[in-house]
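Asker: give me a model of this one.
(one chain, ligands or ions: 2)
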Amino acid sequence: MTAQDELVFVPLGGLGEIGMNAALYGFGPPARRQWILVDCGMGFGGEENLPGIDLVYPDLSFVEEERDNLLGIFITHAHEDHIGALVEMWPRLRAPVYATRFAIGLLEARKLSEPGAPKIDLKAIAPGRRLEVGPFGIEYVPVAHSIPESNALAIRTPLGLVVHTGDWKLDPTPYLGSLTAEEDFRRLGDEGVLALVCDSTNVVRDGVSPSESDVARELANLIKDAPHRVAITTFASNVARMRSVADAARQCGREVVVVGRAMDRVVEVARECGFLEGVADFRPPETFGYLPRDKVVALLTGSQGEPRAALARIAADEHPEIALSKGDRVIFSSRAIPGNEKGIGTIINNLIDRGVEVVTDRNHLVHVSGHPRRDEMRQMYAWTRPQIAIPAHGEALHLAEHASFARAQDVPEVVRARNGTMVRLAPGKAEIVDNVPAGRLYRDGDIVIAASDRAIPDRRKLAFGGIVSVAIAIEEDGTIAGDPIIDSMGLPEKTRRGEILTDLIADTVGETLDGLPKAKRRDPETVENAVVRAIRNTVGNVWGKKPACHVLVVEV
Ligand SMILES: [Zn+2]
Ligand SMILES: [Zn+2]
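Answerer: Numbers count the residues shown, from 1 in each chain. Ligands and ions are numbered 1, 2, ... in the order given. The predicted structure follows:
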């Protein structure tokens, strides 16, 4: 350790949104820092106005530049908002990746099996274990959450200990998987916690979350008293939920049919890791139709309304193997990720129209969040007693609320960091010392583009006002050769007065060209500008909206 050494925290995603978590910790003198990256998650595009974009990644250009000093990537758990950008971004970082067996199993089953996937340097680490990389000592501390093998990280450095909670909750009866390791957090508190970087997702909710076992009991009742078929949709990665459905089904003499590839993959990895020990083999979708109506429970993908997933196809009566009918019961053992409410609503309405009974977390305790409410957070602060609190994993509202909450817990220093802020944690008082590039990348088809790429505003413009294309041939002396070719997309056919809009455009183009002196027509750019302006004016006057306009002048 030298006199210039500093410990810094640089979030690149997840502080300002729920999703795309990625946080850097750096140690060393400012000119020669060594880094670790905690998580490499993605977000979903559905929430914002991003036509054609489903997935969003954090902009990691800052760490890409520093990749020679990146010692490792540490994954807290296998949710997509913590691991979903890894396969895409890893080739730009090329540092060893540490994750638990279950997370590695899911990564391999999901993304790394695809053709062209990179050979990621994956290293398995068990919950509860420690390892040293450069100046960092990293301990995986088990926490309860909604996916197996979730961990907080205790990050030790010569300048102090940081507890990065990852996603967690307190659940004394988690049905499957670990409890949040109270003893470990108390021990860390005794050792002295410099900074606590903590989950803010549910800071606006008072009290404590219900337990996963409460949900299991409710699901068991709903399966037991269902007169006919039961279909349950949940996040594929929620193995505890899957197991509680399997146990309840067995008690009522029902078989479990698993439908959807994402679910199959998780089942396979969960069995390999021992999370489904004692659970009878699930049945494939083709058996669904042969089993008596009161002897079957289906576990389905598609709880977020994904149009190609099993549930949406079943709701539209377009699934090759699974059909539901009047009197059957569908349970949404899930909550809508913001942006997905519409798709889910359509499915629910389709099901109800067909006489299927729909149960959601609005009328039954069929889902609990995996994140801590205020009383649970109070416990975490009491155990760890940090010098500095940094709210993480939340939108602006959650982060601000969490900052006041932390102050109320008598934490001496509370830092409101956002993506791209560099917070110096030590030495001295914690403060924001720099801003680094941060932002978003969009997955557009098979290409990853910058958020500044003009593709997205162009698409929005096209979606709002359509486009008019005009091709004009002009001879060398400025004579117009033949009639201009005009095409349009996304414009109404007729005006309010019943005129054909394309006729109106053709007239405008003709008049504009006639009005230009021959000398001016010899300059393609002048012609293009004049025609674009005229079309946008004409259409704007009759429509109240202006289309995009492409004019191509060809010299013949
Ligand atoms: Zn999570
Ligand atoms: Zn998360």
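Asker: is stretch 84-98 positioned near ligand 1?
Answerer: No - taking Cβ under 5 Å from the ion as the criterion, stretch 84-98 and ligand 1 are apart, separated by no less than 10.9 Å. No exception for glycine: its C-beta is placed from N, CA and C like everyone else's.
Asker: for that stretch, measure first residue to last.
Answerer: Taking Cα to Cα, to the nearest Å, stretch 84-98 runs 15 Å from one end to the other.
Asker: numbering from 8 from now on, please.
Answerer: Got it, first residue is 8 now, which makes that one stretch 91-105.
Asker: which positions in that stretch come out as buried?
Answerer: 91-97, 100, 102, 104-105 (16 or more other Cβ atoms under 10 Å).
Asker: and these, which is closest to ligand 2?
Answerer: Gly91 (10.2 Å; Cβ to the ion).
Asker: enumerate every residue touching the closest residue to ligand 1 within the stretch 308-457 of the chain.
Answerer: Scanning the stretch 308-457 of the chain for proximity to ligand 1 using Cβ to the ion identifies Gly377 as nearest, at 5.8 Å. The contact partners of Gly377, by Cβ atoms under 8 Å, 6 or more residues apart in numbering, come to 151-154, 157, 174-176.
Asker: so which of these comes closest to ligand 1?
Answerer: Relative to ligand 1, the closest of these is Asp174; by Cβ to the ion it sits at 3.5 Å.
Asker: tell me how far the closest one lies from Ile351.
Answerer: Asp174 sits 22 Å away from Ile351, taking Cβ to Cβ, to the nearest Å as the criterion.
Asker: pLDDT score for the residue nearest to Met49 when sequence neighbours are not counted?
Answerer: Once flanking residues are discounted, Met49 sits nearest to Gly91: 3.4 Å by Cβ to Cβ, 6 or more residues apart in numbering. Gly91 is assigned a predicted lDDT (pLDDT) of 95.
Asker: go ahead and confirm Gly91 touches Asp61.
Answerer: No - counting by Cβ atoms under 8 Å, Asp61 is not a contact partner of Gly91; they are 11.2 Å apart.
Asker: what touches both of the two?
Answerer: In contact with both Gly91 and Asp61: no residue, using Cβ under 8 Å, 6+ apart.
Asker: counting neighbours, what do you get for the residue lying closest to Glu87 once chain neighbours are set aside?
Answerer: Leaving aside its sequence neighbours, Glu87 sits nearest to Met49 (Cβ to Cβ, 6+ apart; 5.7 Å). Neighbours of Met49 under the rule other Cβ atoms under 10 Å: 27.
Asker: Asp174 and Ile351: which is more packed in?
Answerer: The neighbour count for Asp174 versus Ile351, taken as other Cβ under 10 Å, is higher for Asp174 (26 against 23).
Asker: shouldn't that one be within a strand?
Answerer: No - under DSSP: H, G, I helix; E, B strand; the rest coil, Asp174 falls outside any strand and is assigned coil.
Asker: tell me the contacts of the nearest residue to it once chain neighbours are set aside?
Answerer: The shortest distance from Asp174 to any non-neighbouring residue, by Cβ to Cβ, 6+ apart, is to His152 (5.0 Å). Shown in contact with His152 (Cβ under 8 Å, 6+ apart): 84, 173-176, 377-378.
Asker: run the chain-centre distance for stretch 487-502.
Answerer: With Cα atoms, centre = their mean, to the nearest Å as the basis, stretch 487-502 stands 41 Å off its chain's centre.
Asker: need the strands for the stretch 408-557 of the chain, in chain order.
Answerer: With DSSP state E, counting those that start in this stretch applied, the stretch 408-557 of the chain shows strands at 420-421, 428-433, 438-442, 447-451, 454-457, 474-481, 492-496, 555-562, listed in chain order.
Asker: and the shortest one, which strands flank it?
Answerer: Paired strands of strand 420-421, with direction, are strand 395-399 (parallel) (DSSP bridges).
Asker: quick revisit: of the buried residues of stretch 91-105, closest to Ile456?
Answerer: Comparing the buried residues of stretch 91-105 against Ile456 with Cβ to Cβ picks out Glu95 as the nearest, at 12.1 Å.
Asker: quick one: name the residues of this structure near ligand 2.
Answerer: 88, 174.
Asker: how about the residues of the chain that lie near ligand 1?
Answerer: By the rule Cβ under 5 Å from the ion, the part of the chain lying against ligand 1 is 86, 174.
Asker: neighbouring contacts of the helix or strand containing Ala319?
Answerer: Using DSSP states H and E, Ala319 falls within helix 317-322. Here helix 317-322 makes contact (Cβ under 8 Å, 6+ apart) with 238, 240, 266-267, 307-310, 312-313, 326, 329-331, 337, 350, 353-354, 357-358, 361.
Asker: switch the cut-off to 6 Å
Answerer: Outside helix 317-322, the residues within contact range by Cβ atoms under 6 Å, 6 or more residues apart in numbering are 240, 266-267, 307-309, 326, 329, 331, 354, 357-358.
Asker: average pLDDT across it?
Answerer: Helix 317-322 shows a mean pLDDT of 94.
Asker: after that helix comes which helix or strand?
Answerer: Remark: after helix 317-322, the chain's next helix or strand is strand 336-339, criterion DSSP H and E.
Asker: looking at the stretch 8-157 of the chain, which residue is nearest ligand 2?
Answerer: Nearest to ligand 2, among the residues of the stretch 8-157 of the chain, is Asp88, at 4.2 Å (Cβ to the ion).
Asker: ok, the closest residue to that residue other than its chain neighbours - contacts?
Answerer: The shortest distance from Asp88 to any residue other than its chain neighbours is 4.1 Å, reached at Gly48 (Cβ to Cβ, 6+ apart). Counting by Cβ under 6 Å, 6+ apart, Gly48 touches 27-28, 88-89, 91-92.
Asker: pick out the residue of the stretch 108-257 of the chain closest to ligand 2.
Answerer: Residue of the stretch 108-257 of the chain nearest ligand 2, by Cβ to the ion: Asp174 (4.2 Å).
Asker: distance of that residue from Asp206?
Answerer: The gap separating Asp174 from Asp206 is 6 Å, by Cβ to Cβ.
Asker: same check on Val45?
Answerer: Distance of Val45 to Asp206, given as Cβ to Cβ: 13 Å.
Asker: got it, and Lys231?
Answerer: Taking Cβ to Cβ, one finds Lys231 at 35 Å from Asp206.
Asker: so those two - more neighbours on which side?
Answerer: Higher neighbour count among Lys231 and Asp206: Asp206, with 28 against 13, using other Cβ under 10 Å.
Asker: list phi and psi for that one.
Answerer: phi -50, psi 130 (degrees, to the nearest 10).
Asker: which regions of the chain lie under the pLDDT threshold?
Answerer: Applying pLDDT under 70 to the chain flags residues 52-55.
Asker: farthest from the middle of it: give me that residue.
Answerer: Most distant from the centre of the chain: Asp484, at 58.2 Å, with distances by Cα atoms, centre = their mean.
Asker: hmm, back to that, including secondary structure and distance to Arg467, could the contacts of Gly48 go into a markdown table?
Answerer: Output for those, formatted as a markdown table (DSSP: H, G, I helix; E, B strand; the rest coil; distance: Cβ to Cβ, whole Å):
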| residue | secondary structure | distance to Arg467 |
| --- | --- | --- |
| Met27 | coil | 21 |
| Asn28 | coil | 27 |
| Asp88 | helix | 25 |
| His89 | helix | 30 |
| Gly91 | coil | 25 |
| Ala92 | coil | 24 |
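Asker: where exactly do the helices run in the stretch 258-407 of the chain?
Answerer: Counting by DSSP state H, counting those that start in this stretch, the stretch 258-407 of the chain has helices at residues 268-279, 317-322, 348-360, 381-391, 403-415.
Asker: tell me which of those helices sits nearest to Ala480.
Answerer: Closest approach to Ala480 among the helices of the stretch 258-407 of the chain is made by helix 348-360 (46.4 Å; Cβ to Cβ).
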